[in-house]
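S.K.: just to be clear, the model below is a prediction. Sequence and coordinates:
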Amino acid sequence: DAGVTQTPRHEVAEKGQTIILKCEPVSGHNDLFWYRQTKIQGLELLSYFRSKSLMEDGGAFKDRFKAEMLNSSFSTLKIQPTEPKDSAVYLCASSRTGGNQDTQYFGPGTRLLVL
Amino acid sequence: QQQVKQSPQSLTVWEGETAILNCSYEDSTFDYFPWYHQFPGESPALLIAIRPVSNKKEDGRFTIFFNKREKKFSLHIADSQPGDSATYFCAATTGYQNFYFGKGTSLTVIP
């Protein structure tokens, strides 16, 4: 089975641009997570979907960050407009739901640089 | 409120020593406690996990010790090797809600 895939792997954007990051979860996984990772803040949750329904939207990230799950096998994270402080690695992860659930499987990440 | 707290932020041990990484949690309904490791340039990956039905879980040189009463769990890495140098994250969840991650411990093993 394929793992979590993310595209693009690297992105460079000018301040004020709109960028869209993409994620395909592991087939059969119901839960999908978007995280931002920086050295200072560590892993910060941006969004969490269960069976395509938004469960958590990351509070402080609401205004410029919007994640969508169009179907069970594809999700996007839109950042609009981008700011230099958004430079980070964006990780997508998926897992099965509940009971004897497996843990999260992470994708390779998208490294974003905002100039 | 931070649901999962991790310490120390960084740890340096000599090769062959036992490294001890600590975590504590707030929500007593959490029932699944994984540890992840992350090597430079890579994504986090599951290392070992425990459920509260037991207070110890071993996998080779890696052992989780779990204390339900104190809401603490720790990762012991025996006979530490330079290849163990990485950032380690603990996490907690009920399986029916979000995962909560600690902020990570950067481990360096000196040969």
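M.R.: Good, I have the coordinates. Residues are numbered from 1 along each chain as shown, chains lettered A, B, ... in the order given.

S.K.: got a list of what residue 93 touches?
M.R.: Since no chain was named, I'll use chain A. When contacts are counted by C-beta atoms under 8 Å, 6 or more residues apart in numbering or on different chains, A:Ala93 touches A:4, A:32-33, A:35, A:104-107. (Glycine included, C-beta is placed from N, CA and C.)

S.K.: switch to chain B, please.
M.R.: For B:Thr93, the contact set (C-beta under 8 Å, 6+ apart) comprises B:30-32, B:99-100.

S.K.: and it, bridged to which residues?
M.R.: Following DSSP bridges, B:Thr93 is listed with bridge partners B:Tyr32.

S.K.: quick one, phi/psi of the closest residue to A:Leu54 other than its chain neighbours?
M.R.: Nearest residue to A:Leu54, sequence neighbours excluded (C-beta to C-beta, 6 or more residues apart in numbering or on different chains): A:Ser47, at 6.6 Å. As for A:Ser47, its main-chain torsions (degrees, to the nearest 10) stand at phi -150, psi 150.

S.K.: cool, and A:Asp31?
M.R.: The phi/psi pair for A:Asp31 (degrees, to the nearest 10) is phi -100, psi 140.

S.K.: count the neighbours of it for me.
M.R.: Counted with other C-beta atoms under 10 Å in any protein chain shown, residues neighbouring A:Asp31 total 23.

S.K.: I figured it hits A:Thr103, correct?
M.R.: No - using C-beta atoms under 8 Å, A:Asp31 makes no contact with A:Thr103, being 10.5 Å away.

S.K.: list the residues that contact both of these two?
M.R.: Common neighbours of A:Asp31 and A:Thr103 (C-beta under 8 Å, 6+ apart) are A:Ser95.

S.K.: what strands line up against the helix-or-strand element of chain B with minimal mean pLDDT, and which way round?
M.R.: Least confident element among the helices and strands of chain B, by mean pLDDT, DSSP states H and E: strand B:100-101 (a mean of 88). Here strand B:100-101 has these sheet partners by DSSP bridges: strand B:86-92 (antiparallel).

S.K.: still on that earlier bit, so the residue nearest to A:Leu54 touches A:Leu77, yeah?
M.R.: Yes - taking contacts as C-beta under 8 Å, A:Ser47 lies within contact range of A:Leu77: 7.1 Å.

S.K.: overlap in contacts of those two?
M.R.: Shared contacts of A:Ser47 and A:Leu77 (C-beta under 8 Å, 6+ apart): A:34, A:65, A:67.

S.K.: which of those ranks first by neighbour count?
M.R.: Within the shared contacts of A:Ser47 and A:Leu77, A:Trp34 tops the neighbour count with 26 neighbours, counted by other C-beta under 10 Å.

S.K.: which SSE is that residue in?
M.R.: Using DSSP states H and E, A:Trp34 maps to strand A:31-38.

S.K.: right, is that strand up against chain B?
M.R.: Yes - Strand A:31-38 comes into contact with chain B (C-beta under 8 Å from any C-beta of the partner chain), by way of A:Phe33.

S.K.: from the centroid of chain A, which residue is nearest?
M.R.: Centroid-nearest residue in chain A: A:Trp34, 2.7 Å away (criterion: C-alpha atoms, centre = their mean).

S.K.: that one and A:Lys22 touch, don't they?
M.R.: No - contact criterion C-beta under 8 Å: A:Trp34 and A:Lys22 do not qualify, at 11.0 Å.

S.K.: and the least confident helix or strand of chain B, how far out from the chain middle?
M.R.: Centre-to-centre, strand B:100-101 and its host chain are 11 Å apart (C-alpha atoms, centre = their mean, to the nearest Å).
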